[in-house]
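K.L.:
Starting from these lines, generate the structure:
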Amino acid sequence: MNAVSQGRQNVDVQGYFKGVAVVIDDSIGAEGSDLINDIIRGINEGGGHTVNLTSLPDAAADLENFSNVSFFIMDWNLSGFGLGITLDKKGKDAQAASNIAFLKRLAQHRHAPVFIFTHENVDEVRQYLIEAELYPDDGSERHLMVRDKAGVGAKVYDVLNQWAERTPSALVLKTWERDHVKALNAFFADFHDRNPYWPVMLWKTYVADEVDAATELRQLISRLVTARMPALAIDLAPFEGQLQVEEKANSAAYKKALLEVLQAERVVPAARLEKDDLAPGDFFIRNEDGVDKYFINIRAECDCVLRGRNKDLYLLKGRELSADKLTEKINFGLGNLNDLHNEEIVFAMHDGKTIQFSFRELKVIRWNEIKAQRAGRLLPPFLTRLLQRYAAYSQRPGLPRLPEIVLGKRTDSAAPDAVANGAECEPPTT
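P.N.:
This next block holds a predicted model:
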């Protein structure tokens with residue numbers, strides 16, 4: 001077989017898992033360790049590369065070095081005692097605690113699949129992971145997969161890709177990741193070939209505009225990389241049937257999970273934001289008279305650069321929309337909500353709650369006074385819609401009254417809603 005044919009075959013074998021794999025197993029290189037050697041050989045013969053470790057990285061090791069690893073293979077029993085040696089309960093608990101601490105640290109740097117191929121009792125290993133909230137207790141698998149090592153062997157890529165084919169989140173992640181790396185390389189090649197100082201050229205223009213240059217550069221790179229990515233070559237239709245099964249099996253859990261997904265689409269939680277990175281869409285929660293009130297920042301992005309200053313924030317006030325009020329707002333035909341001209345409603349914005357922001361209640365509050373109460377940041381297009389509608393509201397023209405004689409006699413039942421029809425011109429409260 002020539003080199004071109006061999007390379008093409010390797011790509012087919014690797015499937016979604018091209019790249020470097022980290023293998024953690026205390027039996028690597030040891031006598032009688034054919035199973036782990038078969039796995040490593042299967043990766044190498046498939047065209048992949050392995051980083052082989054005989055123990056877990058030290059607790060002080062910088063796991064960011066694993067940021068670009070394609071997948072991890074890990075033995076559960078890393079005691080070094082070899083095959084046939086069974087740990088007592090105390091030893092198993094200590095080994096599990098060490099493994100779980102590593103997996104939690106790893107998840108902070110790389111959300112890549114981790115395949116635990118072990119000689120241990122598979123159900124026992126899963127139970128440790130369930131108790132540590134790293135593994136679902138419904139029998140499904142997320143980014144962790146536990147398998148008997150004897151059932152893997154040199155067919156490691158077959159096992160990995162079969163798992164990916166039935167795990168839609170992994171399928172999307174690996175497909176998108178591959179396209180993103182290609183687009184990122186194309187972007188930097190395009191710009192670097194023009195001039196290696198291109199970031200400095202743009203940086204100077206941002207500084208001249210007195211905006212946060214680092215933020216502007218980050219946003220520019222994100223836009224230009226995205227523009228170079230192809231359409232996602234993936235079909236998730238085969239998973240729809242299983243989703244319907246889950247919905248019917250436990251509708252309450254399904255609805256809760258769906259609300260969590262919708263919130264993740266709309267909001268970046270405060271824990272993932274830089275503490276001094278202020279932007280439009282940042283929202284805060286304050287308890288007023290026993291009720292949580294929401295405040296969302298609408299000040300222009302260029303005015304949100306802190307640089308050590310205590311800025312005034314322009315905040316629209318919001319509140320949770322009750323279930324009854326939410327039902328009244330639903331437009332079933334469009335599958336969306338009917339907003340009045342003086343409000344914006346963000347569905348499933350926080351903890352499953354739908355928040356109604358009033359354009360009539362604009363508050364000015366200092367950043368230092370409210371920053372500790374930031375709950376997250378609303379993202380486009382939801383933020384874009386809010387800003388555009390508020391701009392239209394704040395600049396709306398007022399119309400003169402019509403003569404009463406042409407309007408006919410007014411009755412209470414026919415009284416116009418000044419807010420709904422746009423006739424009221426009372427300025428927002430501050």
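K.L.:
and residue 338, what are its phi and psi?
P.N.:
Torsion angles at residue 338 (phi, psi; degrees, to the nearest 10) stand at phi -90, psi 110.
K.L.:
contacting residues for it?
P.N.:
In this structure, residue 338 makes contact with 329, 330, 331, judged by Cβ atoms under 8 Å, 6 or more residues apart in numbering. Quick note: C-beta positions are derived from backbone N, CA and C, even for glycine.
K.L.:
State the pLDDT value of the second one.
P.N.:
Put plainly, it is residue 330. Reported pLDDT at residue 330 in the predicted model: 92.
K.L.:
Helix or strand next in line after whichever helix in the chain runs longest, which one?
P.N.:
If you go by DSSP state H, the chain has its longest helix at helix 168-194. Counting by DSSP states H and E, the next helix or strand C-terminal to helix 168-194 is helix 198-208.
K.L.:
chain center to that following helix: distance?
P.N.:
30 Å (Cα atoms, centre = their mean, to the nearest Å).
K.L.:
Give me the angle between that helix and helix 168-194.
P.N.:
Orientation note: helix 198-208 sits at an angle of 90 degrees relative to helix 168-194 (axes from the mean of the first three to the mean of the last three Cα atoms, to 10 degrees).
K.L.:
In strands only, show me the contacts of residue 338.
P.N.:
330, 331 (DSSP state E).
K.L.:
on that earlier part again, which other helices and strands contact the longest helix of the chain?
P.N.:
Contact here means 3 or more Cβ pairs under 8 Å, 6 or more residues apart in numbering; DSSP states H and E; on that basis helix 168-194 packs against helix 156-165, helix 213-227.
K.L.:
Reformat those helices as JSON lines; add mean neighbour count and mean pLDDT.
P.N.:
Formatted as JSON lines, those follow (neighbours: other Cβ atoms under 10 Å; pLDDT from 0 to 100):
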{"stretch": "helix 156-165", "mean neighbour count": "19", "mean pLDDT": "87"}
{"stretch": "helix 213-227", "mean neighbour count": "13", "mean pLDDT": "91"}
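K.L.:
Reformat those as TSV; add distance to residue 190.
P.N.:
TSV is the format used below for the helices and strands packed on helix 168-194 (distance: least, Cβ to Cβ, whole Å):
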stretch	distance to residue 190
helix 156-165	31
helix 213-227	8
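K.L.:
Identify whichever of the ones you listed lies nearest to residue 49.
P.N.:
Of all those, helix 156-165 sits nearest to residue 49, with 13.1 Å by Cβ to Cβ.
K.L.:
just to revisit the earlier point, quick check, distance from the longest helix of the chain to the centre of its chain.
P.N.:
Mean-position distance between helix 168-194 and its chain equals 17 Å (Cα atoms, centre = their mean).
K.L.:
Compare the helices and strands packed on helix 168-194 and give me the one nearest residue 172.
P.N.:
For the helices and strands packed on helix 168-194, the distance to residue 172 is smallest for helix 156-165, at 9.8 Å, taking Cβ to Cβ.
K.L.:
Give me the packing partners of the closest one, helices and strands only.
P.N.:
Here helix 156-165 touches helix 34-45, strand 114-118, helix 168-194, going by 3+ Cβ pairs under 8 Å, 6+ apart.
K.L.:
Now tell me what touches that helix from outside.
P.N.:
13-17, 39, 42-43, 46, 48, 71, 73, 113, 115, 141, 145, 147, 151-152, 170-171, 174.
K.L.:
for stretch 208-225, same thing?
P.N.:
Counting by Cβ under 8 Å, 6+ apart, stretch 208-225 makes contact with 180, 183-184, 187, 199, 202-203, 206-207, 277, 301-302, 305, 307, all of which sit outside it.
K.L.:
can you redo the helices and strands packed on helix 156-165 as TSV with distance to residue 91, mean neighbour count and mean pLDDT?
P.N.:
Below are the helices and strands packed on helix 156-165 laid out as TSV (distance: least, Cβ to Cβ, whole Å; neighbours: other Cβ atoms under 10 Å; pLDDT from 0 to 100):
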stretch	distance to residue 91	mean neighbour count	mean pLDDT
helix 34-45	21	19	86
strand 114-118	15	23	87
helix 168-194	32	15	90
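K.L.:
so which of those gets nearest residue 242?
P.N.:
Nearest of those (Cβ to Cβ): helix 168-194, 8.9 Å.
K.L.:
returning to that earlier point: pipe the contacts of residue 338 into CSV and attach distance to residue 409 per row.
P.N.:
Output for the contacts of residue 338, formatted as CSV (distance: Cβ to Cβ, whole Å):
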residue, distance to residue 409
329, 32
330, 34
331, 33
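K.L.:
Okay, now the unreliable bits of the stretch 201-350 of the chain?
P.N.:
In the prediction, the stretch 201-350 of the chain carries no residues with pLDDT under 70.
K.L.:
again, only this time at 80
P.N.:
210-212, 307-308 (pLDDT under 80).
K.L.:
same check, this time on the stretch 51-200 of the chain
P.N.:
For the stretch 51-200 of the chain, applying pLDDT under 80 flags the ranges 79-87, 137-143, 149-154.
K.L.:
Just the residues contacting stretch 314-330, thanks.
P.N.:
With contact meaning Cβ under 8 Å, 6+ apart, stretch 314-330 is reached by 283-284, 291-299, 336-339, 344-345, 353-359, 361-365, 370, 386, 390.
K.L.:
ugh, wrong one, stretch 257-276
P.N.:
Residues from elsewhere that reach stretch 257-276 (Cβ under 8 Å, 6+ apart): 282, 306, 346-352, 371, 374-379, 382.
K.L.:
could you list every residue that touches residue 61?
P.N.:
Neighbouring residues of residue 61 by Cβ under 8 Å, 6+ apart: there are none.
K.L.:
Domain map for the protein?
P.N.:
Under the assignment automatic domain parsing, the domains of the chain span 3-166, 170-242, 267-394.
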